[in-house]
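>>> fold the following, please.
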Amino acid sequence: MSAASGDALRSVVESNHGGRATFVQLVPVREMSGAQTLWDGVVHVFDLKGSDSGAFRAYAWPRGSADGEQEFFTILHSTLVFSPVLAVRAAIIAGAC
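Below is the predicted model of the structure:
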């Protein structure tokens, strides 16, 4: 992922959730169901300061859209979503991946 994409993800996190996002790390995630790959990519982890939600962390990744445009998905850290893997699982369950 390019630095520009990382900056775009940071901007989307800040726009969607308020506050200031600081990059923490990249985490590769592969979610499988049997032999089928449900999702394979890299999740960007950001710390949040001053978020409207009160969350201290957000997870974000790029995803393609039906028209080929680059879109970004973000999800806040919570008691149920407390890791990049769980963020991806939540997105899969919600039908967002």
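>>> how many neighbours does Tyr59 have?
Residues within reach of Tyr59, counting by other C-beta atoms under 10 Å, total 27. In this view, the C-beta of every residue, glycine as well, is placed from N, C-alpha and C.
>>> what sits against the residue minimising distance to the centre of the chain?
The C-alpha lying nearest the average C-alpha coordinate of the chain belongs to Ala60 (C-alpha atoms, centre = their mean; 1.8 Å). By C-beta atoms under 8 Å, 6 or more residues apart in numbering, the residues touching Ala60 are Leu9, Arg10, Val12, Val13, Val43, His44, Phe46, Phe72, Phe73, Thr74, Ile75.
>>> so which of the residues you listed wins on neighbours?
Busiest of the contacts of Ala60 [other C-beta under 10 Å] is Val13, holding 27 neighbours.
>>> OK, contacts around the residue nearest to that residue when sequence neighbours are not counted?
In space, Val13 comes closest to Ala21 once its chain neighbours are excluded; the distance is 4.3 Å by C-beta to C-beta, 6 or more residues apart in numbering. Under the criterion of C-beta under 8 Å, 6+ apart, the neighbours of Ala21 are Arg10, Val13, Glu14, Phe46, Asp47, Leu48, Ala58.
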